[in-house]
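Enquirer: Okay, sequence plus prediction incoming.
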Amino acid sequence: RQRRVKTPYEQRVMRRAVEIAAEAHVQGMRIARPGRWEYEVEAAIEGWFLKSGAMSWGYPSIVGSGPNATILHYTRSTRQMRAGDLLLVDAGANYQGLTGDITRTYPVNGRFTDAQREIYEIVLEALNAGILAARPGGTVEAITQAVRVEIGRGLLRVGLANDPSAATGRSAQIDLWFPHSPVHGIGIDVHESLGVLVPGSTFVVEPGIYVRPDTLARLASDPAQAELARALGPAVERFKDIGVRIEDSLLMTPGGPEIMSYRAPKRVDELERVVGTGR
C-alpha cells in the first residue's frame, strides 16, 4: 500500500517512463507493414527504450498480429504479419525502476476494415468513458462500470451479445469477449495494488474485445448455451480473430487524470497516418 501514492519525484520518473514507451510505440507503428515479422516491431520498440535511457522493458512485450491479437499474454512474436491483420502491441519501458503500461492496436497495412473499425471504436469509446469516470477520490469500481457499460452497448450493437442487461454493464455475455479487469495500478511493477484514486495514484485503463472462435465453440458444446451460440454465430463469423485493446497510463492529479501516454496515437485517423511510414 505504501507504493500506491507516488511522490513528486516518482511522478516525474513515471512521466518519463511513459513518454519513452509512447515514443517507442510510434516507432513500432512506423515500421509495421505486411510481410514483416512481429519480432521486428518488438525490436524497434525495445531498441527505442534503450536508446532513450530506459533500463529495459518493464514487462515482456506483447506483439500479436491476426489471431495472436486475441491472446491476452502472447509473447512469442514469431508470426509474419499479413495484409488485413490487426497488430496489438502492449509494451512499456522500465525507466529508473518505474514502469508505465501502454497498449495500442492498429492495422498492419495502415487501413482498418469496416469490421475492425467497428470493434476498435467500441473499445475506444470504453476507454474514454473509463478515463472520464476517473476522478480524485473515486474508485476502481466506478471506472470498471463505465467501461463495461460502453463495451456492453457496443457488443449489443454489433450482435456479439443479445442480453439487454449488457447495456448496464452487468451481463455475463460481456465477459465472453472482455475477460479481464480494465484497471490496475502501475509503478515498480506493471501491476500494482490500487486503492482510492487520490492525487499521486498512477494507474491504467485498458478495455479490450477479443473475438475468439473457440469461445463460441465452448458455448456450443454446452446444451444450456447452445441457443446463445447459434444467435451469436453470425457476428462471431464477421469479427472472428479480431483482437483490440487500447490502454493509457494515467496519473491522478487534484484536477483529474493526466493521460501520461498521450504521445501514442489512438484515434483511427491518427493511426492510419502513422502506420507503415517508416523504412
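Expert: Received it, and whenever you're ready, just let me know what you need.
Enquirer: what about the chain, any weak spots by pLDDT?
Expert: By pLDDT under 70, the chain has no low-scoring segment.
Enquirer: Tell me how far the residue of it most remote from its centre lies from Y106.
Expert: The C-alpha centroid of the chain is most remote from P223, which lies 33.1 Å away (C-alpha atoms, centre = their mean). According to C-beta to C-beta, to the nearest Å, P223 stands 40 Å off from Y106. In this view, the C-beta of every residue, glycine as well, is placed from N, C-alpha and C.
Enquirer: Could you do N68 as well?
Expert: 14 Å.
Enquirer: of the two, who's got more company?
Expert: Neighbour count, other C-beta atoms under 10 Å: between N68 and Y106, Y106 has more, with 29 against 23.
Enquirer: helix or strand for the nearest residue to S56 once chain neighbours are set aside, which one?
Expert: Nearest non-adjacent residue to S56, counting by C-beta to C-beta, 6 or more residues apart in numbering: N94, 5.1 Å away. Element membership for N94, per DSSP states H and E: strand 93-95.
Enquirer: Parallel or antiparallel, list what pairs with that strand.
Expert: Strand 93-95 has its sheet partners listed here by DSSP bridges as strand 56-57 (antiparallel), strand 98-99 (antiparallel).
Enquirer: Reformat those strands as JSON lines; add mean neighbour count.
Expert: As requested, the strands paired with strand 93-95 are exported to JSON lines (neighbours: other C-beta atoms under 10 Å):
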{"stretch": "strand 56-57", "mean neighbour count": "16"}
{"stretch": "strand 98-99", "mean neighbour count": "26"}
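Enquirer: Output those strands in TSV, with distance to V158 appended to each entry.
Expert: As requested, those are exported to TSV (distance: least, C-beta to C-beta, whole Å):
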stretch	distance to V158
strand 56-57	34
strand 98-99	34
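Enquirer: Out of the ones you listed, which is closest to V5?
Expert: strand 98-99 (13.5 Å; C-beta to C-beta).
Enquirer: Give me the buried stretch members for the strand holding N94, please.
Expert: A93, N94, Y95 (16 or more other C-beta atoms under 10 Å).
Enquirer: Let me know the closest of those residues to I143.
Expert: A93 (24.2 Å).
Enquirer: where does the nearest residue to the closest one once chain neighbours are set aside land in three-state SS?
Expert: Nearest-residue entry for A93: A54, 3.9 Å, with adjacent residues in sequence omitted and distances by C-beta to C-beta, 6+ apart. Secondary structure, DSSP: H, G, I helix; E, B strand; the rest coil: A54 is coil.
Enquirer: doesn't A17 make contact with A54?
Expert: Yes. A54 lies in contact with A17 (C-beta atoms under 8 Å); the separation is 7.1 Å.
Enquirer: which phi and psi does the residue farthest from the centre of the chain have?
Expert: With angles defined as degrees, to the nearest 10, P223 sits at phi -50, psi -30.
Enquirer: swap in the one 3 residues further on?
Expert: When quoted as degrees, to the nearest 10, the phi and psi of A226 stand at phi -60, psi -40.
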